[in-house]
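**Q** coordinates only, no sequence provided:
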């Protein structure tokens, strides 16, 4: 696949695609990429369950939670803290009720695994809208859809079974699309939906508000968006402290120590250089965070950082959530913690790609496609083959 794709890089335009491509063809291609993504990603996770490779944390507790939601509408579990309690006392994620009607129709763990793949694939809809709004050609839009379906952080991020973070990618892309189309009421509705994913999802809204304030000069809306996100964040933390053991900030203990989240600003002011060291330091001393950046940026041909406007680099700020921690899963594309930053990277890639010259844009997108194909074949196909072989034994 790579050898067939790579010669396209030598073309100054899309002359190897002489047939005209209308927007109906783009929609059909996007649907095709979505079906491929669901088949592969959903197939791998369903095989994991069939092969008895799904652990209690987190898939087992979600299966138990959905069973109880179906019976009582309450997200109760017994395995999460060794006693009966609501999952919302650990992570406040009302967004789970979106999947409940489908689980009631098909009450099976397979529904949850396939449901995550469908949710992630739905991000193609706002991505298509963003490409159209930014004036990208039909062929460029198809390539962006291909990048989304093959992108390593999405195609492998769901392999550790279903997680509420899967809602972040489509909802954040929907938030960005609403802003680009200046549908501000829908934008705030999308923001509320993002908040329902998890207590810390508000941080993504704060980063987007920074971008709106400094780069887009949408100061009133940025302040309102930040206020909504900050208010919800505080209320969610208070809820978790009341109902459970509080928010799980231990993943940033390297920055907060024993002082909790409130000690973070003081640490930053007293020793800003320490923050810089944490961006690439790992407890094991390896280059895991550099590899992580490679896996995020190279499959997009570096488009997220090729910004003509410096303020647009604020869209990369959510990377701090993944890099400032020593929690190894946070900077591993094989887990679900990259779903949020993926939405920001694709948004930045569309904005910057639309501003490239007609000569450079095809090469950038085709180079990104070649990188995605290579990583897809090395990270995704072997996993699928392994699961299939194990199931056939």
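**A** Arrived safely, thanks for sending. These numbers come from a predicted model, not from an experiment. Numbering: from 1, shown residues only.
**Q** pLDDT averaged over stretch 67-87 - what is it?
**A** Stretch 67-87 carries an average pLDDT of 94.
**Q** identify the residues contacting it?
**A** Outside stretch 67-87, the residues that touch it by CB atoms under 8 Å, 6 or more residues apart in numbering are 56, 60-61, 64-65, 88, 90, 93, 96-97, 100, 103-104, 107, 243-245. To be clear about C-beta, it is placed using only N, CA and C from the backbone, and glycine gets the same treatment.
**Q** what subset of those residues is buried?
**A** 60, 61, 64, 65, 88, 90, 93, 96, 103, 244 (16 or more other CB atoms under 10 Å).
**Q** out of those residues, list just those in helices.
**A** Assignment to helices by DSSP state H places the following of these there: 61, 64, 65, 103.
**Q** out of those, which one sits closest to residue 169?
**A** Distance to residue 169, by CB to CB, is smallest for residue 103 among these, at 20.7 Å.
**Q** that closest one and residue 112 touch, don't they?
**A** Yes. Residue 103 is in contact with residue 112 according to CB atoms under 8 Å; the separation is 6.9 Å.
**Q** wait, residue 215 touches residue 307, no?
**A** No. Using CB under 8 Å, residue 215 is not in contact with residue 307; the gap is 9.3 Å.
**Q** tell me the contacts of the closest residue to residue 284 other than its chain neighbours?
**A** For residue 284, ignoring the flanking residues on the chain, the nearest one in space by CB to CB, 6 or more residues apart in numbering is residue 328 at 7.6 Å. Counting by CB under 8 Å, 6+ apart, residue 328 makes contact with 282, 283, 284, 288.
**Q** before we move on, what about residue 368?
**A** Residue 368 is in contact with 143, 147, 299, 300, 301, 303, counting by CB under 8 Å, 6+ apart.
**Q** gap between the helix or strand containing it and the chain center?
**A** Applying DSSP states H and E as the criterion places residue 368 in helix 360-379. Between the centre of helix 360-379 and the centre of its chain there are 19 Å (CA atoms, centre = their mean, to the nearest Å).
**Q** after it, next one along is what?
**A** Remark: after helix 360-379, the chain's next helix or strand is helix 381-392, criterion DSSP H and E.
**Q** could you pull up the mean pLDDT of that following helix?
**A** Computed over helix 381-392, the average pLDDT equals 91.
**Q** okay then, goodbye and thanks.
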